[in-house]
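Colleague: Pasting the sequence and the predicted coordinates here, then a few questions.
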Amino acid sequence: MITLLPDECLLEILNNFRTNYRTLFSCLLVSRHWCKIIVPILWREPTKYVDDLRLIRIYLSELNTEEQALLLPYKIILPNYQKPLFEYSSFATYVDFYLACRNTNGVKNWLFKEGNEDYSVLYFCKSHDNYNYFDDYSYRDYNFNIDFIEQVNVIKCSLVSMLLRTSKKLKHLNIDEPVYNNILFERFLKNTTIISLKFNIKTFEATKLLSEILYKNILLTSLDISNSRLGFKELDPLIKTLYKNTTIISLNLNYNSLCSEGGRALAEALG
């Protein structure tokens, strides 16, 4: 009888299982019609709940030539998989690549296991007693390796660029400073769906670019740059932009150093 339900009702029922991946995956096999309804639910908030290399494999297979070119100087081995049945990235509404506070990291895990041409890393990987293809934290010893971190950041940059290109429903994006570059900001400026941004920024140049996004994006309602530890000098371009902005209703500046002068300027901008 459930097959007679309208799509709207079926979607409402299945949406209640949106964080129960095991149940949704089992429902994928019911029929082609169910599959088309469930896949967008499964891939709506992938990075919010899943941080393993299988997700990264699929997303990397969706990179175009320009996005792949960002990885070439870093000796990163891109997966050569058959084209997926769905453009999974197009369903994303929430993307979080600011993973410093988590216990797992899909990008690091994929890079360490499958994407690095550095033989010293591959040798360590293969000789590690607990090695497997999932979240075993075997990359932990490389968390402070400069080359490894650069590779992680450029992969994130390519992935976010791809998601900005392919997703027509992306609403919430959370990334840290090393991830983004000018190409990424150009796509931000063209984006017409994002309403919530969380950045961890460290430089004056990044603040200026963020100010330009804030100035041109008329849909953005929430901005979080907490824990960036910026001073008034770095935040000044952003504060000046807030004078003209009429859409931001939520602003988080915790753990920045505005000082009294910056506090007064911010109060005037928000007043």
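Modeller: Received it, and whenever you're ready, just let me know what you need.
Colleague: can you map out the strands along the stretch 151-271 of the chain?
Modeller: 172-176, 196-200, 222-224, 250-252 (DSSP state E, counting those that start in this stretch).
Colleague: Each with direction, which strands does the third one pair with?
Modeller: Sheet pairing for strand 222-224, assigned by DSSP bridges, gives strand 196-200 (parallel), strand 250-252 (parallel).
Colleague: same deal with the first one?
Modeller: Within its sheet, and counting by DSSP bridges, strand 172-176 is paired with strand 94-96 (parallel), strand 196-200 (parallel).
Colleague: per-residue confidence averaged over the longest one?
Modeller: Regarding strand 196-200, the rounded mean pLDDT is 87.
Colleague: Switch the strands paired with strand 172-176 over to CSV; also include mean neighbour count.
Modeller: C-betas here are computed from N, CA, C, even on glycine. As requested, the strands paired with strand 172-176 are exported to CSV (neighbours: other CB atoms under 10 Å):
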stretch, mean neighbour count
strand 94-96, 19
strand 196-200, 19
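Colleague: Low-confidence stretches in the stretch 151-271 of the chain?
Modeller: 176-180, 271 (pLDDT under 70).
Colleague: What segments of it are helices?
Modeller: With DSSP state H, counting those that start in this stretch as the definition, the stretch 151-271 of the chain shows helices at residue ranges 182-190, 204-216, 232-244, 259-270.
Colleague: For the first one, which outside residues touch it?
Modeller: Where contact means CB atoms under 8 Å, 6 or more residues apart in numbering, the residues beyond helix 182-190 that reach it are 66, 70, 157, 160-161, 164-165, 194, 209, 212-213, 216-217.
Colleague: now do the third one
Modeller: When contacts are taken as CB under 8 Å, 6+ apart, the neighbours of helix 232-244 outside the stretch itself are 203-204, 207-208, 210-212, 214-215, 225, 248, 251, 253, 256-259, 261-262, 265-266, 268-270.
Colleague: Give me the pLDDT value at residue 136.
Modeller: 63.
Colleague: try residue 69
Modeller: 90.
Colleague: Then residue 2?
Modeller: pLDDT at residue 2 comes out at 58.
Colleague: Quick check: end-to-end length of stretch 188-196?
Modeller: 12 Å (CA to CA, to the nearest Å).
Colleague: same deal with stretch 27-34?
Modeller: Note: stretch 27-34 ends 7 Å apart using CA to CA.
Colleague: and it, which residues are buried?
Modeller: 27, 34 (16 or more other CB atoms under 10 Å).
Colleague: before we move on, back to that, save the strands paired with strand 222-224 as TSV, and put in distance to residue 237 too.
Modeller: Listed next are the strands paired with strand 222-224 as TSV, based on distance: least, CB to CB, whole Å:
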stretch	distance to residue 237
strand 196-200	14
strand 250-252	15
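Colleague: Need the nearest residue in space to residue 112, chain neighbours excluded.
Modeller: residue 139 (3.8 Å; CB to CB, 6 or more residues apart in numbering).
Colleague: typed the wrong thing, it's residue 70
Modeller: Residue 70 sits nearest to residue 158 (CB to CB, 6+ apart), 4.9 Å away.
Colleague: burial measure for that neighbour, as a count.
Modeller: 25 (other CB atoms under 10 Å).
Colleague: how about JSON lines for the strands of the stretch 151-271 of the chain, with distance to residue 33 added?
Modeller: Below are those laid out as JSON lines (distance: least, CB to CB, whole Å):
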{"stretch": "strand 172-176", "distance to residue 33": "29"}
{"stretch": "strand 196-200", "distance to residue 33": "32"}
{"stretch": "strand 222-224", "distance to residue 33": "36"}
{"stretch": "strand 250-252", "distance to residue 33": "39"}
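Colleague: among these, which is nearest residue 12?
Modeller: Proximity to residue 12 (CB to CB) singles out strand 172-176 among the strands of the stretch 151-271 of the chain, at 21.8 Å.
Colleague: Sounds good, over and out.
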